[in-house]
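K.L.:
Sequence plus the predicted model coming up.
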Amino acid sequence: MTKTPKLRFPGFTDDWEQRKLGEVAERVRGNDGRMDLPTLTISAGSGWLDQRDRFSENIAGKEQKNYTLLQRGNLSYNHGNSKLAKYGAVFELQSFAEALVPRVYHSFRPNGYSVSSFIEYMFATKLPDRELGKLISSGARMDGLLNINYDDFMGIRITLPTLPEQEAIGTFFRQLDELLTLHQRKLEHLQSLKKSLLQQMFV
């Protein structure tokens, strides 16, 4: 089965092809015993966050020895249900060379047939939600995780273009995100400045 999107970068004309996620990516699990690495968690709205920033402490505890060692460019699927991500969220590790992430996440990496950033943004479109929805037999568990195991997750069908087009799409949206972050920081700075000036200029 092949498809083509409505909008494309110049020079790309090949059909997109449907593949199982497990055909273009492979599992990442286990660690090498180092426990002094950043310990991260996925927020559907913010992506990767250091547990100390999100929870004011590292909440891994003894379970940290079972965490997964992720390398930059690897991805994880947090199959937790939230308002922003009914069927969970996928993010590529970018801000750290290495990090420890919860073992309950389904972590994976491209196997030469996919590009990490493309995979992340493809999940951000929510297009895979229909496939993910089919896998849920009994909703969320007591711990808030959806009943989607690794093998079933890697069995979902996705549609993707050639590697160069994946690279072009992934790079475009990554740069757009960086621009948004930059402007958000400027906005926050101006809002803070405004608040300070209001306090000083009115009595």
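P.N.:
Cool, got the structure.

K.L.:
my guess is Gly47 contacts Val90, does it?
P.N.:
No. Using CB atoms under 8 Å, Gly47 is not in contact with Val90, being 9.9 Å away. Every residue, glycine included, has its C-beta placed from N, CA and C.

K.L.:
ok, the two, which is more surrounded?
P.N.:
Between Gly47 and Val90, counting by other CB atoms under 10 Å, Val90 is the more crowded of the two (25 against 17).

K.L.:
Could you list every helix and strand that the one helix or strand that one maps to packs against?
P.N.:
Secondary structure from DSSP states H and E places Val90 in strand 89-92. Here strand 89-92 is seen to pack against strand 75-78, helix 116-124 when contacts are counted using 3 or more CB pairs under 8 Å, 6 or more residues apart in numbering; DSSP states H and E.

K.L.:
CA atoms of the following helix or strand past it as PDB?
P.N.:
Beyond strand 89-92 on the C-terminal side, the first helix or strand identified by DSSP H and E is strand 98-101. What follows is strand 98-101, C-alpha atoms only, in PDB (Å, rounded to 0.1, in the frame of the first residue of the first chain):
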ATOM      1  CA  GLU A  98      23.000   9.200  27.300                       C
ATOM      2  CA  ALA A  99      20.200   9.000  29.900                       C
ATOM      3  CA  LEU A 100      18.300   6.400  32.000                       C
ATOM      4  CA  VAL A 101      14.600   6.100  31.300                       C
END
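
K.L.:
so where's the protein shaky on pLDDT?
P.N.:
Scanning the chain for pLDDT under 70 picks out the ranges 1-2, 53-61, 137-144.

K.L.:
what inclination does the helix or strand containing Leu193 have with respect to helix 116-124?
P.N.:
Secondary structure assignment for Leu193, by DSSP H and E: helix 163-201. Relative orientation of helix 163-201 versus helix 116-124 (axes from the mean of the first three to the mean of the last three CA atoms, to 10 degrees): 70 degrees.

K.L.:
Which elements pack onto helix 163-201?
P.N.:
Counting by 3+ CB pairs under 8 Å, 6+ apart, helix 163-201 packs on helix 116-124.

K.L.:
Which elements pack onto the helix it packs on?
P.N.:
Counting contacts by 3+ CB pairs under 8 Å, 6+ apart, helix 116-124 packs against strand 75-78, strand 89-92, strand 106-110, strand 157-160, helix 163-201.

K.L.:
what do you get if the cut-off is 7 Å, keeping everything else the same?
P.N.:
strand 75-78, strand 89-92, helix 163-201 (3 or more CB pairs under 7 Å, 6 or more residues apart in numbering; DSSP states H and E).

K.L.:
What count of nearby residues applies to Glu131?
P.N.:
Neighbours of Glu131 (other CB under 10 Å): 17.

K.L.:
Now it. Nearest residue, chain neighbours left out?
P.N.:
Ile156 (3.9 Å; CB to CB, 6 or more residues apart in numbering).

K.L.:
Can you list the buried residues in stretch 182-198?
P.N.:
Using 16 or more other CB atoms under 10 Å as the test for burial, stretch 182-198 gives no buried residues.
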